[in-house]
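*Asks:* give the three-dimensional model of this entry:
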Amino acid sequence: DSAFLPSTFLWTWLYSGDIGTWTPEGRLQLIDRKKNIFKLSQGEYIAPEKIEIVYERCPYVSQVYVYGENIKSSLIALVVLDEEYLSASPPQEFAQIPLSKLPESKEFSAHVLESMLSLGNEELNSLEQVKRIKLLPESNAFSIDNEMLTPTFKKKRHNIRESYRSVLDTLYKGLD
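*Replies:* Sure, this is the predicted structure:
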């Protein structure tokens, strides 16, 4: 269809709204959506989904929502705990704390952040690392039912941001 071509193809490039990177084999690997990229105050563009994928490899973590603002110089995150993993294999130093109290523990929060940053050191630059996190119980997991995920399990970033606005504002207090 000729009506489709001008807006989608421009100078032999396909504009799909995706962000990609070239692999060493010369293939295009899609890593993010253009609309989910934002800029921090120092001008660095951030792709939060790439960061979330790295942090979700942390064994204590079920879901991560990375957030940043163009007037801030650092990132923060909401972290949903993997309670199944934690009940089966709690960290030794936190085994005496009930699972329901772990999200409130500053020491455990620091432990999870340290674990996430350790994973991030391998694949993320320093501006892509989060500075603060808020732990959430698994009962607060992002889902289709609470309208935090799409039917294809992508995060509805706007809905999460609005639902947790006060938490995000608190995380940023005193950070910059």
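*Asks:* report the buried residues of the lengthiest helix in the chain.
*Replies:* Selection of the longest helix in the chain by residue count, based on DSSP state H, yields helix 106-123. Going by neighbour count (16 or more other C-beta atoms under 10 Å), the buried part of helix 106-123 is 108, 109, 111, 112, 113, 115, 116, 117, 119, 120. Any C-beta I mention is one placed from the backbone N, CA and C, and that applies to glycine too.
*Asks:* and stretch 55-73, by the same measure?
*Replies:* Residues of stretch 55-73 classed as buried: 55-56, 58, 60-69, 72 (neighbour count, 16+ other C-beta under 10 Å).
*Asks:* that older thread, which elements pack onto the longest helix of the chain?
*Replies:* In terms of contacts (3 or more C-beta pairs under 8 Å, 6 or more residues apart in numbering; DSSP states H and E), helix 106-123 is packed against helix 48-55, strand 61-67, strand 75-81, strand 130-136.
*Asks:* how far does the last one sit from its chain's centre?
*Replies:* The reference is to strand 130-136. Centroid separation for strand 130-136 versus its chain: 10 Å, with C-alpha atoms, centre = their mean, to the nearest Å.
*Asks:* low-confidence ranges, this structure, go.
*Replies:* Applying pLDDT under 70 to the chain flags the ranges 1-19, 31-35, 176.
*Asks:* if we can go back for a sec, would TSV of the helices and strands packed on helix 106-123 with distance to residue 145 be doable?
*Replies:* Shown next, in TSV, are the helices and strands packed on helix 106-123 (distance: least, C-beta to C-beta, whole Å):
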stretch	distance to residue 145
helix 48-55	20
strand 61-67	14
strand 75-81	14
strand 130-136	16
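*Asks:* out of those, the one nearest residue 168 is which?
*Replies:* Closest to residue 168 of the helices and strands packed on helix 106-123 is strand 61-67 (C-beta to C-beta; 5.6 Å).
*Asks:* just the buried residues of stretch 55-73 now: which is nearest residue 139?
*Replies:* Within those, distances to residue 139 taken as C-beta to C-beta reach their minimum at residue 62, with 11.2 Å.
*Asks:* for the nearest residue to that closest one once chain neighbours are set aside, grab the count of nearby residues.
*Replies:* Residue nearest to residue 62 in three dimensions, not counting chain neighbours: residue 82, with 4.1 Å by C-beta to C-beta, 6 or more residues apart in numbering. Each residue near residue 82 was counted by other C-beta atoms under 10 Å, and the total is 19.
*Asks:* got it, and the one 4 residues further on?
*Replies:* Around residue 86 sit 21 other residues, with neighbours defined as other C-beta under 10 Å.
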